[in-house]
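J.: sharing a sequence plus its predicted fold:
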Amino acid sequence: MTNYKCFKCGKKITNKILEKRFVCPFCGSKIFFKPRTKVKTIKSD
């Protein structure tokens, strides 16, 4: 399941909601992005 975030209001939206209409159900915006996961960097000796 892919999660998107609305660019305008910042609320999380699942792709299940976006199957019918590609519009934010909270604010009506049509601009979304996928939030990146945080990556840990490990230094080697």
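T.: Great, that's in hand. Residues are numbered from 1 along each chain as shown.
J.: could you pull out the strands for this protein?
T.: Remark: strands assigned in the chain by DSSP state E are 3-6, 12-14, 32-33.
J.: okay if I get these as JSON lines plus mean pLDDT and distance to residue 40?
T.: C-beta coordinates here come from the backbone N, C-alpha and C atoms, glycine included. Converted to JSON lines, the strands of the chain look like this (pLDDT from 0 to 100; distance: least, CB to CB, whole Å):
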{"stretch": "strand 3-6", "mean pLDDT": "88", "distance to residue 40": "20"}
{"stretch": "strand 12-14", "mean pLDDT": "86", "distance to residue 40": "23"}
{"stretch": "strand 32-33", "mean pLDDT": "85", "distance to residue 40": "22"}
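J.: neighbours of residue 4, just the number please.
T.: Neighbourhood size, residue 4 [other CB atoms under 10 Å]: 18.
J.: circling back: return the most buried member of the strands of the chain.
T.: strand 3-6 (a mean of 16; mean count of other CB atoms under 10 Å).
J.: neighbouring contacts of it?
T.: Strand 3-6 is contacted by residues 11-15, 18, 24, 26-27, 29, 31-35 when judged by CB atoms under 8 Å, 6 or more residues apart in numbering.
J.: and that strand, which strands flank it?
T.: If you go by DSSP bridges, strand 3-6 pairs up with strand 12-14 (antiparallel), strand 32-33 (antiparallel).
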